[in-house]
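Novice: Got a predicted model here, sequence first, then my questions.
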Amino acid sequence: MAWIILVIAGLLEVVWAFSMKQSEGFTRLWPSVVTLVAMALSFGLLAWAMRVLPLGTAYMVWTGIGALGAFLVGIVVLGEAVNAMRLIAAGLILTGLVTMKLAS
């Protein structure tokens, strides 16, 4: 159950990162509200998962899901650039996540 909660927390990290971008520096009300609510939920679920999972594992997976998710949202939704170096970097993060899961 802790792993499912951790994945949800990581996905909420993607939500708050995207909505923070949309808030334009917290100058737009609703994206700012979504950012703060998603942050609170994400942190809360991360804390819940850390009751069972080791700190390093939980934090790495949470940030990795957030980083990869934000990377993909940036490309798909915001039209950010895709190049070989960025894809290699994302692949290394994914490899690290898979390795961490296999090691725990």
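Specialist: Received the coordinates, thanks. Residues are numbered from 1 along each chain as shown.
Novice: ok, now which ones touch the residue nearest the centre of the chain?
Specialist: By Cα atoms, centre = their mean, the chain has its centre lying nearest to residue 66, at 1.4 Å. Residues near residue 66 by Cβ atoms under 8 Å, 6 or more residues apart in numbering: 10, 13-14, 17. No exception for glycine: its C-beta is placed from N, CA and C like everyone else's.
Novice: of the residues you listed, closest to residue 4?
Specialist: Using Cβ to Cβ, residue 10 comes nearest to residue 4 of the contacts of residue 66, at 10.8 Å.
Novice: What segments of this protein are strands?
Specialist: Counting by DSSP state E, the chain forms no strands at all.
Novice: which residues in the protein form helices?
Specialist: Under the criterion DSSP state H, helices of the chain are mapped to 2-22, 29-49, 55-76, 84-103.
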